[in-house]
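A.B. asks: need the 3D shape of this:
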Amino acid sequence: MNSWINIITRLGDKTGSVGALVAAMGCGMCFPAIASLGGALGLGFLEQWEWTLIDTLLPLFAWIALVLNGLSWINHRQWHRSLMGMIGPILLLLSLYPFFQYGWSAKVTYTALALMIAVSIWDIISPAHRKCDNPSPS
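C.D. replies: Below is the predicted model of the structure:
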């Protein structure tokens with residue numbers, strides 16, 4: 001059972017991060033810098049679903065990453081990894097809802113997406129291992 005949680009949290013975290021990045025690449029009006037990167041990668045066709053991406057998919061992927069990073073803490077007991085993994089989705093959700101009316105919210109979104117991708121790459125390079133709560137006496 002514990003191995004299934006580990007697999008789900010490792011794959012789901014990456015899915016949430018990459019999904020949020022791709023969803024942001026389709027929103028040229030809100031995030032022109034990342035949308036131009038998406039256009040260069042051939043994702044310009046996503047522009048026709050811009051409002052669906054920004055209203056539905058971007059928050060959905062942020063919530064997926066947030067919840068699965070929380071589950072990762074339950075599985076691994078490494079608060080610093082989980083905290084780093086949860087800051088990105090929280091910032092992304094804040095930039096979409098309460099901060100969206102401000103001009104600097106796009107910068108918060110870019111920072112959140114970069115942090116989500118960086119934590120995902122960190123998790124691929126150096127996977128988390130469970131920290132023991134009660135080390136066995138020798």
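
A.B. asks: list the residues that contact the nearest residue to Gly44 once chain neighbours are set aside.
C.D. replies: Among residues not flanking Gly44 along the chain, Gly38 sits closest, at 6.9 Å (C-beta to C-beta, 6 or more residues apart in numbering). C-beta: built from backbone N, CA, C; applies to glycine. The neighbourhood of Gly38, defined by C-beta atoms under 8 Å, 6 or more residues apart in numbering, consists of 22, 24-26, 44, 46.

A.B. asks: do that again at 7 Å, thanks
C.D. replies: By C-beta atoms under 7 Å, 6 or more residues apart in numbering, the contact set of Gly38 is 25-26, 44, 46.

A.B. asks: in three-state terms, label Cys27 for me.
C.D. replies: The three-state label given to Cys27 by DSSP: H, G, I helix; E, B strand; the rest coil is coil.

A.B. asks: dihedrals phi and psi, it?
C.D. replies: phi -110, psi 80 (degrees, to the nearest 10).

A.B. asks: give the contact list for it.
C.D. replies: Cys27 neighbours (C-beta under 7 Å, 6+ apart): 35, 50, 53-54.

A.B. asks: so the residue nearest to Gly44 is in which element?
C.D. replies: For Gly38, the host element (DSSP states H and E) is helix 32-40.

A.B. asks: and the residue most central in space within the chain, what does it touch?
C.D. replies: What sits nearest the mean C-alpha location of the chain, by C-alpha atoms, centre = their mean, is Ser17, with 3.4 Å. Ser17 makes contact with 65, 116-117, 120 under the criterion C-beta under 7 Å, 6+ apart.

A.B. asks: what do you get if the cut-off is 8 Å, keeping everything else the same?
C.D. replies: 61, 65, 88, 113, 116-117, 119-120.

A.B. asks: just the pLDDT for it.
C.D. replies: For Ser17, the model assigns a pLDDT of 82.

A.B. asks: Pro98 now?
C.D. replies: pLDDT at Pro98 comes out at 83.

A.B. asks: good, wrapping up.
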